[in-house]
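Visitor: sequence unknown, structure follows:
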């Protein structure tokens, strides 16, 4: 027998599909906080996290009559949010913000002028090589080694196992290291395990 909560959620979703503002507000109040925290945990940026969740709710409101039949609202919302977060990370602007952070980390280290120049050139070389990696491998490597997001969180984001994520990161490292010498400090950054 279905639990009262499941029945309530089924009814809530049906009411949203029928255009009920009250039901939509209830959905918003029920899930906003958890969804925002999840988005912030992934994006590490309050405004990006807030925008992602807000945009998802706007989309749901605009498409309410076309929404599919859903029995697990929470799973549906978080899966939808997950896809939006991944798309956000693929956008150039987001990459640029994180690239700036990455460069700032390296520039904080005290090196001679010659070493700094070599590092700066190597930074851009690394970033261009990361961008040249195959789609999912690039995203996984970027999240883990540049964004410092733990393997377990990336696995959850992609709906895969931590071992699969580790395999992708290691494969990316092999591609990046192949026939290419890097300054020692950057190798440490790239090969540091999380």
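Guide: On my side now, so go ahead. Small disclaimer: the values here were computed from a predicted structure and weren't measured.

Visitor: For the top helix by length along the chain, which outside residues touch it?
Guide: Criterion DSSP state H: the longest helix present in the chain is helix 21-43. When contacts are defined by C-beta atoms under 8 Å, 6 or more residues apart in numbering, helix 21-43 is touched by residues 12, 15-16, 46, 48-50, 52-53, 56-57, 60-61, 64, 73-74, 77-78, 81, 85, 88-89, 149, 153, 157. Bear in mind the C-beta positions are built from the backbone N, C-alpha and C, glycine included.

Visitor: In PyMOL, how would I select the buried members of the residues you listed?
Guide: A single PyMOL command is used to select the members of the contacts of helix 21-43 judged buried by 16 or more other C-beta atoms under 10 Å:
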select buried, resi 12+15+16+48+49+52+53+56+57+60+64+73+77+78+81+85+88+89+149+153+157
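
Visitor: in this protein, what spans have low per-residue confidence?
Guide: 1-7, 90-126, 178-194 (pLDDT under 70).

Visitor: From the contacts of helix 21-43, which land in helices?
Guide: Using DSSP H, the contacts of helix 21-43 in helices are 12, 15-16, 46, 48-50, 52-53, 56-57, 60-61, 73-74, 77-78, 81, 85, 88-89, 153, 157.

Visitor: Ramachandran angles for the nearest residue to residue 76 once chain neighbours are set aside?
Guide: Once flanking residues are discounted, residue 76 sits nearest to residue 70: 4.6 Å by C-beta to C-beta, 6 or more residues apart in numbering. Recorded main-chain torsions at residue 70 are phi -130, psi 130, according to degrees, to the nearest 10.

Visitor: Over to residue 19?
Guide: Backbone dihedrals for residue 19, given as degrees, to the nearest 10, come out at phi 90, psi 20.

Visitor: residue contacts, it?
Guide: 64, 65.

Visitor: how far away is it from residue 61?
Guide: To residue 61, residue 19 is 9 Å away according to C-beta to C-beta, to the nearest Å.

Visitor: swap in residue 133?
Guide: As for residue 133, its distance to residue 61 is 37 Å (criterion: C-beta to C-beta).

Visitor: Could you verify my assumption that residue 131 touches residue 138?
Guide: Yes: using C-beta atoms under 8 Å, residue 131 is in contact with residue 138, at 6.7 Å.

Visitor: So the two - more neighbours on which side?
Guide: residue 138 (17 against 11; other C-beta atoms under 10 Å).

Visitor: now that one, nearest residue through space, not along the chain?
Guide: Nearest non-adjacent residue to residue 138 (C-beta to C-beta, 6+ apart): residue 130, at 6.1 Å.
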